[in-house]
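In: Let's see this in three dimensions:
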Amino acid sequence: MKWLLISGAVYFVALSVFHIFFWKLFNWTTELRRISSLNRSVMEVMNLCLIVIFSHAAVMCVFFADDLLNTRLGSAYLLGISFFLVFRAVLQVLFFKLRHPFSILLFIYFVIGAVLFGVPAM
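Out: Numbering: from 1, shown residues only. Now for the predicted structure:
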């Protein structure tokens, strides 16, 4: 099961890198000027916090794999991550629908992540 956590670390590093590029990918320098300063700040702060959380999850998977796999707290942490990713997959469908190939890809990515962290928690 340790290999699943190492895969989970790679999963979250990829998600962190993806979020680092949000400013460029979504042209946030221009696009976020269209909303209020408060809303722009909220968007950017939430994204930066997600990068930190995702990076933290990756570090946990690499350096605390044994604890995650062999303790009740580890199982609870992994189930929490799995629940978060299931929730994110559901939000993908509700907010973005599954009409665009990239939306479908993200939905699949979140489901894979939910399994990746849910299975070791069992």
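In: Please make it C-alpha for all contacts and neighbour counts, starting now.
Out: Fine.
In: Tell me where the model's unsure across the protein.
Out: Scanning the chain for pLDDT under 70 picks out no residues.
In: quick one, strands of it?
Out: Using DSSP state E, the chain contains no strands.
In: Which stretches in it count as helices?
Out: Using DSSP state H, the helices of the chain run over 2-20, 22-25, 28-31, 37-63, 65-70, 72-91, 101-121.
In: Next, format those as CSV and append mean neighbour count.
Out: Shown next, in CSV, are the helices of the chain (neighbours: other Cα atoms under 10 Å):
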stretch, mean neighbour count
helix 2-20, 18
helix 22-25, 12
helix 28-31, 12
helix 37-63, 16
helix 65-70, 17
helix 72-91, 18
helix 101-121, 18
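In: so how far is residue 21 from the closest residue to residue 22 other than its chain neighbours?
Out: Spatial nearest neighbour of residue 22, excluding adjacent residues (Cα to Cα, 6 or more residues apart in numbering): residue 28 at 7.1 Å. For residue 28, the distance to residue 21 equals 10 Å [Cα to Cα, to the nearest Å].
In: Quickly list what's touching both of these two.
Out: Residues touching both residue 28 and residue 21 (Cα atoms under 8 Å, 6 or more residues apart in numbering): none.
In: CA atoms of stretch 41-49 as CSV?
Out: The C-alpha trace of stretch 41-49 is given here as CSV (Å, rounded to 0.1, in the frame of the first residue of the first chain):
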residue,chain,number,x,y,z
SER,A,41,-7.7,38.7,-3.2
VAL,A,42,-10.0,35.9,-2.0
MET,A,43,-9.5,34.0,-5.2
GLU,A,44,-5.7,34.3,-5.1
VAL,A,45,-5.4,33.6,-1.3
MET,A,46,-7.6,30.5,-1.7
ASN,A,47,-5.5,29.2,-4.5
LEU,A,48,-2.2,29.8,-2.6
CYS,A,49,-3.7,28.0,0.4
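In: residues in contact with it?
Out: By Cα under 8 Å, 6+ apart, the residues outside stretch 41-49 that reach it are 19-20.
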